[in-house]
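Asks: I'll drop the sequence and a predicted model, then ask my questions.
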Amino acid sequence: MAGMQAPRGTRDILPTEVSYWQQIEGIARQILHQAAFQEIRTPLFEQTELFQRGIGEATDIVGKEMYTFTDRGGRSLTLRPEGTASVVRAYIEHGFQAQGGIQRLWYTGPMFRYERPQAGRYRQFHQLGVEVLGTHSPRADAEVIALGLDILKALGLGDVTLMLNSVGSREDRQRYRQALVDYLTPFRDELDPDSQTRLERNPLRILDSKDPKTQAIAQDAPQLLAYLAPASAEHFEQVQQYLTDLGITYTINPCLVRGLDYYTHTAFEFQQLDLNQEATVCGGGRYDHLVSELGGPETPAVGWAMGLERLILLLQAQQVAPEIHLDFYVVAKGDTAERQALKLAQQLRHLEFAVEQDLSGSAFGKQMKRADRSGAKLCLIIGETEATQQTVQVKALRTSEQTLISQAKLVHNRAQLQQWLNGAGLELP
């Protein structure tokens, strides 16, 4: 077992970093709960056909990146490479459409793609996403965009840019496809190898290429917006108007097509310039035909997904640290003192305070240094004298103010403890 390491493209999320994850999930859960979204949890693996039909066989995800295996029953299964197809499968399987009305769902969890690992991109990665199913309204597009921005702002992420486009209906894209192929064909030999392949199978994806030379060629390509039917153009105009009403600024990017075949009409990304080419922290759009393509009734839908690893990199780069919430750090020395400290810590936890108990048994000096580093607001100290008298020293770690109080009185006056934690001073009641 010597030298065992996590598989390439995966990583351990260590305790020093978990607080970022907890903060993101906590903020998202609160904001989405306020918007009447319900959490859904789907399996880590699905039938391979779900992603082939849902994402599209011409995409890089299905063609190159999926972790697919055959189980002992001869079934082809795939670790989920994204969350939307699984949510839609669950929507159909459990008859959500029969309940009537609009379904607002959100999810978070690991996804899997076989791609080259780099900063913020792993083979096992994590997404947080939302899906609104059952409405054509452009208000739904604006609502999910606004909620995504709310989450990013609540996390303290600055300088976020909303990139917006419409990829139109299927019929719009079919008309545009030929115009794009006609434009790009003379440049075939100058395109990067992936784009040369896409020219036949999925030419719109060329607009999303990260190759600089291909990007330069695509800049002068016909724009899909010019090929939108009146109804598609009106939908896009209404989305823009709703965003303006909400005070949300955006930039229209005609080359924004997203990487999945199921998108229709609105497509968008939130980008953060600190990451240069790796700028997208949240992306999504409308997908009005995915439910029917997977065997359900015609059901319009819109949603987005955030990459958590990339988001955490940005927070760390901007030195946006998660709040450490620890109310008390308990220090004790001696058998009786340590027994009392254990009981005191539990009593305080039952009062819904966050408490860490020093279990080292080391000298007071070393324990107090750990208390200073812990981030706790108050330190509770029990030595031999305090143990005999059943008292406890309460020390404010930020001001060094200190007072002595009986252990019984400490745990029977929650209001007083909360005042002390709020920085009101350690005056005795």
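Replies: That came through fine. Numbers count the residues shown, from 1 in each chain.

Asks: Does L351 touch V411 like I think?
Replies: Yes - applying Cβ atoms under 8 Å, one finds L351 in contact with V411, separated by 6.9 Å. Glycine gets a C-beta too; all of them are placed from N, C-alpha and C.

Asks: Could you check which of those two is surrounded by more residues?
Replies: Comparing L351 with V411 by other Cβ atoms under 10 Å, the one with more neighbours is V411, at 18 against 15.

Asks: dump the residue contacts of that one.
Replies: Contacts here follow Cβ atoms under 8 Å, 6 or more residues apart in numbering; on that basis V411 touches L344, Q347, L348, L351.

Asks: Neighbours of the closest residue to the last one other than its chain neighbours, how many?
Replies: Distance criterion Cβ to Cβ, 6 or more residues apart in numbering; nearest residue to L351, sequence neighbours excluded, is R414 at 5.3 Å. When neighbours are counted by other Cβ under 10 Å, R414 registers 13.

Asks: any idea how far L348 is from R414?
Replies: Applying Cβ to Cβ, to the nearest Å, the value for R414 to L348 is 9 Å.

Asks: Over to D288?
Replies: 53 Å.

Asks: Of those two, which one has the most company?
Replies: For D288 and L348, the more surrounded residue by other Cβ under 10 Å is L348, and the numbers stand at 21 against 18.

Asks: so who does that one touch?
Replies: For L348, the contact set (Cβ under 8 Å, 6+ apart) comprises D327, F328, V355, V411, L417.

Asks: From these, which land in strands?
Replies: F328, V355 (DSSP state E).

Asks: What about the contacts of L348, which one has the most neighbours?
Replies: F328 (26 neighbours).

Asks: beta partners for that residue?
Replies: V355, L378 (DSSP bridges).

Asks: Among the contacts of V411, which one lies nearest to Q407?
Replies: Q407 has its nearest neighbour among the contacts of V411 in L344, at 5.9 Å by Cβ to Cβ.

Asks: Looks to me like the closest one is in a strand.
Replies: No - residue state for L344 (DSSP: H, G, I helix; E, B strand; the rest coil) corresponds to helix; a strand is not indicated.

Asks: Send over the top helix by length along the chain as CSV, restricted to the C-alpha atoms.
Replies: Determined from DSSP state H, the single longest helix within the chain is helix 15-34. Extracted C-alpha coordinates of helix 15-34, given in CSV (Å, rounded to 0.1, in the frame of the first residue of the first chain):
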residue,chain,number,x,y,z
PRO,A,15,-10.6,20.2,6.4
THR,A,16,-8.8,23.5,5.8
GLU,A,17,-10.7,23.9,2.6
VAL,A,18,-14.1,22.3,3.5
SER,A,19,-15.3,25.6,5.0
TYR,A,20,-15.4,27.1,1.5
TRP,A,21,-17.6,24.3,0.3
GLN,A,22,-19.9,24.6,3.3
GLN,A,23,-20.2,28.3,2.9
ILE,A,24,-21.1,28.0,-0.8
GLU,A,25,-23.7,25.3,-0.1
GLY,A,26,-25.1,27.2,2.9
ILE,A,27,-25.5,30.5,1.0
ALA,A,28,-27.0,28.7,-2.1
ARG,A,29,-29.4,26.7,0.0
GLN,A,30,-30.7,29.8,1.8
ILE,A,31,-31.1,31.9,-1.4
LEU,A,32,-32.8,29.1,-3.3
HIS,A,33,-35.1,28.2,-0.4
GLN,A,34,-36.2,31.8,-0.4
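
Asks: Thank you, goodbye.
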